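**Q** below is the sequence, then the predicted model.
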Amino acid sequence: YNMGNGTQTISCPGPHNFYDSGGAATNYGNSQSYTMTLYPSIAGQCIIVSFTSFNTESGFDQLKIYDGPNSGSPLLGNYSGTTIPPNTTSSGGPITFVWTSDGSINDLGWVGTVSCAACPPPPAYYLMNNTNVTLTCPPTFTLFYDSGGSAGLYSNSENYTKTFTAPAGYCLRFSFNSAFQTEACCDKLMIFDGPNGASPLIGTYSNTSGPGIITSSGSSITFSFTSDGSINYAGWDATITCVPACTGMPNGGTGQATSGGCLGTASVQLSSFGSTSACGITYQWQSGPSAAGPWSNVGSATNSTLTVPTSTNTYYHLLVACGASTATGTSILASTGTVTSCNLSTYTVTSIPYSFDAFAGTLCPSTDDVIYTSISTLGFQFCYTGNAYFGGYISSNGSFIFDAVPCFPNVYYNQNAATGISTGWSITQAAPSSVSVTTLPQNAINGPWQDINPALGGNIRYGTLGVSPNRRFVVSYENVPMFSCGTASPSIYFTGQIKLYETSNVIEIHVGSKGICPGWNAGTAILGLTSFDGATYIPPVNMTAHNYPTQWNMTNTAYRFSSPCAAAGGPCVVLPINFKNFYGQRVEKVNKLYWETAEEKSIKTFIVEKSTDAENFTEIGRVVPNNSPSKYSYDDHFSAPGTLNYYRISAVETTNERKLTHVIPLGSNEHEISTSGIFPNPVENSFYISVDSKISTDLIVNVYDAFGKLVKTYTKTIVSGAVQLQLNAEDIAPGVYTLEITNSNNESVTKQKLVKLGKSGF
């Protein structure tokens, strides 16, 4: 059989030779466009295709194989170049080939065989494709995978829409496990609450933020998945269950308002905790001038949550209906408290004796003007301006920046503190000052903020000392030279420590030696505390002695910063009564969570939740309680190196009330590496990648074409710290590539898309 147009019936069992249009020894032609479908001669058998050689013009002459009678059938593969396609079997009889070649350059094409065999049994699961499914309840098969199945990857250039429909009287629930993974930028799963893509959108999911548990409001739910032309991942697996329609009287729940943590927010999200969520339930938000009403419907507010402007005189409640039975939730005023319940202005300062803690802690990279590799965890809860923190960012310029206040920047040009970001060091304005006009870190301890350069010498280290509940977290700067004066002036090397005390929430700044280097920025420095918005500055003495533009020096001096409302028993977040302890650690690239209960008679489950922004959390697992005070653990195996994740535990009681722990951050461990994106991208001649590492190591940078062929390798040796790699791409042909960085242990650090432009564009 030579490739051409039309249909052919294959005499079973075969095998029969299968060639491109040129046959066994001749090249195929230019400008070809053929579609050919092969049918087995015996009903109930399927077609098997096997290739022994394959050679087409890469990227321009392509063979596509479809599992069915036409090109509208599921795509099994798209092949071009010299990579031999894998053996392929149709799932239910015919198989279709679509061949195209452009107007220039042709090759030998392919040599293969086609044969017949008994069709494989239908899979005990559903794959993502364009085939809709009508289910029975309970479902015959309960697993739903991406197109790669349980062990493979989904393919490039997918565009599938699949609808699941249950019998009348049932809704569908899909529980996605925590292994969800797609390309963050370009491969997305969309879920619609209904029979097609015009139904209400439940959500769009990519990267490692999966859907969690999704329940349709009716009998149908639709999935749409698209992937681009490069980089694919393991996708997902989900469990399908049927949910019977609601019966009887629903629960209206308890109204609650959440600002999302943003100060000065103009809106608030309303929800009704404990309200019934089941198949057939409908929602309607109502508003009124008081907690007693009178009530009127809010237009188009028919979801379980509602976002409204903040108000001091408008109340809301949720009307929940199951058929003719209705219930209303308790009313809630649409207002939220401030994030900072203990203003920085309440802090007072006292002079204390200078004391230097000698310890062997974790060394920070010797990199100038950066925020270090990952968040440094304190090991305990610390209250700063009324907010609970469990870590922060160490800067090579002498500051400790508390983990970002949501929606507010911490460093220059409206940036939040993040892994390896430049501090943009300079001082252009005295504190207090807005972050938009200065680089002085906000929500920070500046101990002091100055132009030191650890790349020239000295050590910066951190560690948690002492025993609970009286531990202290110490950031230590030891004999660090000044940037402009360098190593020629050891008499003005900087030595000092920032100390944070557990329970008392006291802050201390100890300065052993701080000289003046009148070079860059006139040798200025700023000592003291700054608020989240830059509006408040607490100096050690007064507003000018240790502030811009004053030049000042200091030896063996220390100050203590404390607040009556930050002391033990203050307004910081505390653990609910059920919990005694909650903490985490990263071990062997696994984020491990631990918690302990004081009592749990009324708890029916623990829900483990994860977030990448500390605001929007997704369920990643559940733990069954022991019904007595116990210790628990949970391992998150899907936390990427170099990525900061936030965790909390929700204890769900038998009344459906939830009690949440505080939030803890977990980031990369000391042996991991994080990288930035490619810049610029698309690339013309050369490009850059920033690498932030806590160790010195060798990196291998491999570039693969769209068919997985290695086209270029770079080998780079990096030292600990934040470095920028410049890579030459002049000898790479225009096209779309996958760039993969691996470490010296051949472990993948990152995969990214690289687009190479020609001289006059792509």
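**A** That came through, no problem. Residues are numbered from 1 along each chain as shown.
**Q** gap between residue 409 and residue 739?
**A** To residue 739, residue 409 is 30 Å away according to C-beta to C-beta, to the nearest Å. Just so you know, the C-beta spots here come from the backbone N, C-alpha and C atoms, and that holds for glycine as well.
**Q** likewise for residue 632?
**A** With distances taken as C-beta to C-beta, residue 632 is found 40 Å from residue 739.
**Q** out of these two, which sits in the more crowded spot?
**A** Just comparing residue 632 and residue 739: by other C-beta atoms under 10 Å the higher neighbour count belongs to residue 739, 24 against 18.
**Q** pLDDT weak spots in the stretch 401-550 of the chain?
**A** For the stretch 401-550 of the chain, the stretches flagged by pLDDT under 70 are 404-407, 412-416, 418-420, 435-437.
**Q** ok, 80 please
**A** Within the stretch 401-550 of the chain, the ranges that satisfy pLDDT under 80 run 403-422, 424, 434-439, 468, 520.
**Q** try the stretch 51-200 of the chain
**A** Counting by pLDDT under 80, the low-confidence segments of the stretch 51-200 of the chain come to 59, 74, 120-124, 150-152, 177-179.
**Q** tell me where it has helices.
**A** Read by DSSP state H, counting those that start in this stretch, the stretch 51-200 of the chain holds no helices at all.
**Q** could you work out the end-to-end span of stretch 24-31 for me?
**A** Length of stretch 24-31, first residue to last, C-alpha to C-alpha, to the nearest Å: 20 Å.
**Q** let me redo that: stretch 72-80
**A** End-to-end distance of stretch 72-80 (C-alpha to C-alpha): 20 Å.
**Q** neighbouring contacts of that stretch?
**A** Residues from elsewhere that reach stretch 72-80 (C-beta atoms under 8 Å, 6 or more residues apart in numbering): 54, 56-68, 85-86, 88, 95-96, 129-131, 147, 155-158, 707.
**Q** out of these, which end up buried?
**A** For those, a neighbour count by 16 or more other C-beta atoms under 10 Å gives the buried set as 54, 56-58, 61-68, 85, 88, 95-96, 129, 147, 155-156, 158.
**Q** okay, and which of the residues you listed map to strands?
**A** Within the buried ones among the contacts of stretch 72-80, residues falling in strands by DSSP state E are 54, 62, 63, 64, 65, 66, 88, 95, 96.
**Q** quick one: buried residues of stretch 170-190?
**A** Buried positions in stretch 170-190, judged by neighbour count with 16+ other C-beta under 10 Å: 170-176, 178, 180-183, 187-190.
**Q** before we move on, what about stretch 725-740?
**A** Buried residues in stretch 725-740, counted by 16+ other C-beta under 10 Å: 725, 727, 729, 732, 735, 736, 737, 738, 739, 740.
**Q** re the thing from before, just the buried residues of stretch 170-190 now: which is nearest residue 213?
**A** Using C-beta to C-beta, residue 175 comes nearest to residue 213 of the buried residues of stretch 170-190, at 5.0 Å.
**Q** was I right to think that closest one contacts residue 213?
**A** Yes - applying C-beta atoms under 8 Å, one finds residue 175 in contact with residue 213, separated by 5.0 Å.
**Q** tell me, how many residues neighbour residue 196?
**A** So residue 196, with other C-beta under 10 Å, has 12 neighbours.
**Q** ok, now which ones touch it?
**A** By C-beta under 8 Å, 6+ apart, the contact set of residue 196 is 161, 163, 222.
**Q** next one: residue 434
**A** Residues counted as contacts of residue 434 (C-beta under 8 Å, 6+ apart) are 533, 534, 535.
**Q** most neighbours, which of the residues you listed?
**A** Highest neighbour count within the contacts of residue 434: residue 534, with 23 neighbours (other C-beta under 10 Å).
**Q** what are the ranges of the helices in the stretch 301-450 of the chain?
**A** Using DSSP H, counting those that start in this stretch, no helices are found in the stretch 301-450 of the chain.
**Q** how about stretch 219-233: buried residues?
**A** Within stretch 219-233, the residues that count as buried by 16+ other C-beta under 10 Å are 219-225, 227-228, 230-233.
**Q** cool, and stretch 602-622?
**A** By 16+ other C-beta under 10 Å, the buried positions in stretch 602-622 come out as 603, 606, 607, 608, 609, 610, 611, 614, 617, 618, 619, 620.
**Q** could you do stretch 483-503 as well?
**A** For stretch 483-503, by 16+ other C-beta under 10 Å, it's 483, 485, 492-503.
**Q** again with stretch 349-365
**A** Residues of stretch 349-365 classed as buried: 349, 354, 361, 364, 365 (neighbour count, 16+ other C-beta under 10 Å).
**Q** can you check stretch 456-464 too?
**A** Using 16+ other C-beta under 10 Å as the test for burial, stretch 456-464 gives 456, 458, 460, 461, 462, 463, 464.
**Q** ok, the closest residue to the second one other than its chain neighbours - contacts?
**A** Taking C-beta to C-beta, 6 or more residues apart in numbering, and ignoring the residues beside it in sequence, residue 458 has residue 480 as its nearest neighbour in space, at 3.6 Å. Applying C-beta under 8 Å, 6+ apart, we find residue 480 in contact with 452, 453, 454, 456, 457, 458, 459, 460, 493, 494, 495.
**Q** could those go into TSV alongside secondary structure and distance to residue 34?
**A** What follows is these, written out as TSV (DSSP: H, G, I helix; E, B strand; the rest coil; distance: C-beta to C-beta, whole Å):
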residue	secondary structure	distance to residue 34
452	strand	69
453	coil	66
454	helix	65
456	helix	68
457	coil	70
458	coil	70
459	strand	69
460	strand	66
493	coil	76
494	strand	74
495	strand	77
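**Q** can I get those in CSV with distance to residue 513?
**A** Shown next, in CSV, are the contacts of residue 480 (distance: C-beta to C-beta, whole Å):
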residue, distance to residue 513
452, 11
453, 15
454, 15
456, 16
457, 14
458, 11
459, 14
460, 15
493, 7
494, 6
495, 5
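**Q** just give me the closest of those residues to residue 522.
**A** Of all these, the one sitting nearest residue 522 is residue 452; the distance, using C-beta to C-beta, is 15.2 Å.
**Q** who's in contact with residue 639?
**A** By C-beta under 8 Å, 6+ apart, residue 639 lies in contact with 586, 589, 590, 591, 645, 666.
**Q** could you dump the residues you listed to CSV with pLDDT, secondary structure and distance to residue 45?
**A** Compiled in CSV, those are given as follows (pLDDT from 0 to 100; DSSP: H, G, I helix; E, B strand; the rest coil; distance: C-beta to C-beta, whole Å):
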residue, pLDDT, secondary structure, distance to residue 45
586, 73, strand, 53
589, 73, coil, 47
590, 82, strand, 47
591, 85, strand, 50
645, 76, strand, 50
666, 74, strand, 54
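**Q** so which of those wins on neighbours?
**A** residue 666 (26 neighbours).
**Q** OK, contacts around that residue?
**A** By C-beta under 8 Å, 6+ apart, the neighbours of residue 666 are 377, 584, 585, 586, 591, 639, 644, 645, 646, 647.
**Q** and which of those is nearest to residue 528?
**A** The shortest approach to residue 528 among the contacts of residue 666 belongs to residue 377, at 24.2 Å (C-beta to C-beta).
**Q** from residue 591, how far off is the closest residue in space to that closest one that isn't next to it in sequence?
**A** Closest residue to residue 377 apart from its sequence neighbours, by C-beta to C-beta, 6+ apart: residue 391 at 4.1 Å. Counting by C-beta to C-beta, the gap from residue 391 to residue 591 is 14 Å.
**Q** next one: residue 691
**A** Per C-beta to C-beta, residue 691 is found 22 Å from residue 591.
**Q** ok, residue 646 touching residue 610?
**A** Yes - under the criterion of C-beta under 8 Å, residue 646 makes contact with residue 610 at 7.1 Å.
**Q** shared neighbours of these two, anything?
**A** Common contacts of residue 646 and residue 610 (C-beta under 8 Å, 6+ apart): residue 617.
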